[in-house]
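[1] After the sequence you'll find the predicted model.
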Amino acid sequence: MMENRRLARNAVWNLLSLAVPMLVALGAIPALIRTLGIDRFGILTLAWMLIGYSSLFDLGLGRALTKLVSEGFGEEISTNPRRRDLVRAVWTALVLMVVLGCAGALIFAFASTLLATSALKVPVALRAETVVSLHWIAAAIPLVTLTAGLRGILEARQHFGSLSILRTATGVLTFVGPLLAARSSGMLSAVIFTIAAIRLLSALAHFMLCAVLAPELLSDRHVSWREVRPLFRFGAWLTISNLISPLMVSIDRFLIGIFLSVAEVGYYATPYEIVTKLQIIPSALTGVLFPALSATLVSDRARARQLYTHGLAITLALLLPLTVVMVTFAHAGLALWLGADFAMHGYRVLQLLTIGVLINASAYLPASFLHAAGRPDVTAKLHMIEFPLYVPLLCWLIRAFGIEGAACAWVLRVTLDAALLFWMAERAVPKPTLVQWEIVNAGPAPSA
């Protein structure tokens, strides 16, 4: 009973940290569109998306780190040499995440000019400004990867209250900061610089929070390169997912920018940003349930299954009525919020994506269950199957039906993904992870 109350309290904290920035966004986005114009705002939406998904450069280490800490950490680390190895593994993972983030930043910085001048249909007058903006996005990538690792440690240690306050502040500043920068300078590069600066402050705050709430991490600040292999062996399948999944999530806006225009990106991305915020509900639940599932699948599989089914029931109960309301009032709501012209362009996209989000949100639970069960290979294999099917379908539907076609392709993809995840979750057999066996245990990992 105490555990249930703690999980519920943590879920509420998580939900609030995601909901408050969403409410701020509802007021900030119309002001940003009026201040920047639709072309600059379209590029800004791409910047938000790129920074949000730049955590893919951690190559699965963030999720591996959360699972490792959930399964292996106790309170008295300094008295147990095996736990001291865990501390070294954590430091090793964090250093690797920074290194990988820097590599990703260099790659993205070199590609910025090509993106701004050739790949995206950016107006000529905005190209130089866009290149500078993309460079600031590149600078933020290592900060995002490091923050993901630090946040994973705090989640594994169940510090959701403090973490949620920090996440709320970061989310609010992500919208308020660009708005203030846009009104003071009107330059897109200044707006994106503000976002990068906020990510720097967020990374520093996460590190300070870890130092205060998990001081044992500072007890042995050594990097052990022998831990690199087991960390990457667990993260290998997650790496594939982290490379393919963000591409599938974000490629629709890139292809709209390539085949149509950056203005159409704005008409599509705004409904997308609105409706995908509904995913804060399953995200909040699974953020809390993943460490709990990782622990209970080791000791009490019946309890893990109960957590899984209850989480799914709560997700559907909360989202189904919201879905009905948003589909019914899509046109009226957009017209009231952003005007009749924007509503005419975007209301069908909003309706389609709302249905897709309900389906996609339900798939959060089986995906988290599979990861906690030590089966990240399942989601990776599904993504490998889906990606080559999704991209040609998306290209065809965008060319044939514009942004409504992109929304249809997205709904079809998440429907297939959800069906396969539910099927595989029922068949999954939990097994010890390579990270758990090679780092926590003294002996070698068992053969798979």
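    Structure's in. What do you need? Numbering: from 1, shown residues only.
[2] so which strand or helix has K121?
    Per DSSP states H and E, K121 falls between elements, in no helix or strand.
[3] From L32, how far out is A196?
    When distance is defined by C-beta to C-beta, to the nearest Å, A196 is 17 Å away from L32. All C-beta atoms are positioned from the backbone trio N, CA, C, and that covers glycine.
[4] So for H206, what's the nearest residue that isn't a sequence neighbour?
    Closest residue to H206 apart from its sequence neighbours, by C-beta to C-beta, 6 or more residues apart in numbering: L150 at 3.9 Å.
[5] wait, that neighbour sits on C210?
    Yes - with contacts counted by C-beta atoms under 8 Å, L150 reaches C210, the gap being 5.3 Å.
[6] When the two are compared, which one has more neighbours?
    Between L150 and C210, L150 has the larger neighbour count (other C-beta atoms under 10 Å), namely 27 against 22.
[7] Tell me the spacing between the more buried one and V249.
    23 Å.
[8] Walk me through the domains of this structure.
    1-226, 249-430 (automatic domain parsing).
[9] Dump those into TSV; add distance to S241 and mean pLDDT as well.
    Shown next, in TSV, are those (distance: least, C-beta to C-beta, whole Å; pLDDT from 0 to 100):
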stretch	distance to S241	mean pLDDT
domain 1-226	7	79
domain 249-430	5	86
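[10] Can you redo those as TSV, where the extra columns are distance to I240?
    Putting these into TSV (distance: least, C-beta to C-beta, whole Å) gives the following:
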stretch	distance to I240
domain 1-226	8
domain 249-430	4
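[11] Beyond the helix or strand containing N10, next helix or strand please.
    Assigned by DSSP H and E, N10 belongs to helix 2-36. Per DSSP H and E, the first helix or strand lying C-terminal to helix 2-36 is helix 38-53.
[12] Wait, A330 touches L350, no?
    Yes - checked against C-beta under 8 Å, the pair A330 and L350 is within contact range at 4.4 Å.
[13] give the contact list for the closest residue to I33 other than its chain neighbours.
    Of all residues not flanking I33 in the chain, F41 sits nearest, at 4.9 Å (C-beta to C-beta, 6+ apart). Residues in contact with F41, defined by C-beta atoms under 8 Å, 6 or more residues apart in numbering, are 32-33, 266.
[14] from these, which is closest to A140?
    Of all the contacts of F41, L32 has the smallest distance to A140: 18.5 Å, by C-beta to C-beta.
[15] ok, how many other residues are close to that closest one?
    21.
[16] what's it in contact with, if anything?
    41, 44, 175, 178-179, 182.
[17] how about a cut-off of 10 Å?
    25, 40-41, 44-45, 175, 178-179, 182-183, 191 (C-beta atoms under 10 Å, 6 or more residues apart in numbering).
[18] same question, V212
    159, 162.
[19] Quick one: list the elements packing against whichever helix or strand A103 is part of.
    Using DSSP H and E, A103 maps to helix 81-114. For helix 81-114, the packing partners by 3 or more C-beta pairs under 10 Å, 6 or more residues apart in numbering; DSSP states H and E come out as helix 61-72, helix 127-156, helix 188-213, helix 228-259, helix 434-435.
[20] Between helix 127-156 and it, find me the angle.
    Going by axes from the mean of the first three to the mean of the last three C-alpha atoms, to 10 degrees, helix 81-114 is angled at 160 degrees with respect to helix 127-156.
[21] What is the distance between helix 81-114 and the centre of its chain?
    17 Å (C-alpha atoms, centre = their mean, to the nearest Å).
[22] and that helix, which residues are buried?
    83-94, 96-98, 100-102, 104-105, 108-109, 112 (16 or more other C-beta atoms under 10 Å).
[23] got it, and stretch 17-24?
    17-22, 24.
[24] what's in contact with it?
    With C-beta under 10 Å, 6+ apart as the criterion, stretch 17-24 contacts 28, 160-161, 163-176, 179, 273-274, 276-281, 283-284, 287.
[25] Recalculate using a threshold of 6 Å.
    164, 167-168, 171-172, 175, 277, 280, 284 (C-beta atoms under 6 Å, 6 or more residues apart in numbering).
[26] for Q158, helix, strand, or coil?
    With DSSP: H, G, I helix; E, B strand; the rest coil as the basis, Q158 sits in coil.
[27] Pull up the gap between it and S185, please.
    Distance from Q158 to S185, by C-beta to C-beta: 42 Å.
[28] Name the residue in those two with the higher neighbour count.
    Between Q158 and S185, counted using other C-beta under 10 Å, the more crowded position is Q158 (17 against 13).
[29] Okay, helices next: where are they in the stretch 301-448 of the chain?
    301-328, 330-338, 340-362, 364-372, 376-401, 403-427, 434-435 (DSSP state H, counting those that start in this stretch).
[30] which one of these is the most hemmed in?
    Comparing these by mean neighbour count (mean count of other C-beta atoms under 10 Å), helix 364-372 ranks first with a mean of 26.
[31] Export only the CA atoms of it, formatted as PDB.
    C-alpha atoms of helix 364-372 as PDB (Å, rounded to 0.1, in the frame of the first residue of the first chain):
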ATOM      1  CA  TYR A 364       4.100   3.400 -23.800                       C
ATOM      2  CA  LEU A 365       3.200   0.700 -21.200                       C
ATOM      3  CA  PRO A 366       4.200  -2.400 -23.200                       C
ATOM      4  CA  ALA A 367       7.400  -0.600 -24.400                       C
ATOM      5  CA  SER A 368       8.400   0.200 -20.900                       C
ATOM      6  CA  PHE A 369       7.600  -3.300 -19.700                       C
ATOM      7  CA  LEU A 370       9.800  -4.800 -22.400                       C
ATOM      8  CA  HIS A 371      12.700  -2.600 -21.500                       C
ATOM      9  CA  ALA A 372      12.300  -3.300 -17.800                       C
END
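[32] so what does that helix touch, helix or strand wise?
    helix 280-299, helix 301-328, helix 403-427 (3 or more C-beta pairs under 6 Å, 6 or more residues apart in numbering; DSSP states H and E).
[33] Give me the contacts around it.
    Applying C-beta under 6 Å, 6+ apart, the contact partners of helix 364-372 are 282, 286, 290, 293-294, 297, 308, 311-312, 378-379, 421-422, 425, 428.
[34] next one: stretch 137-157
    With contacts defined as C-beta under 6 Å, 6+ apart, stretch 137-157 is touched by 47, 50-51, 54-55, 57-58, 62, 65-66, 69-70, 94, 97-98, 101-102, 104-105, 108-109, 163, 196, 199-200, 202-203, 206-207, 210, 214, 291.
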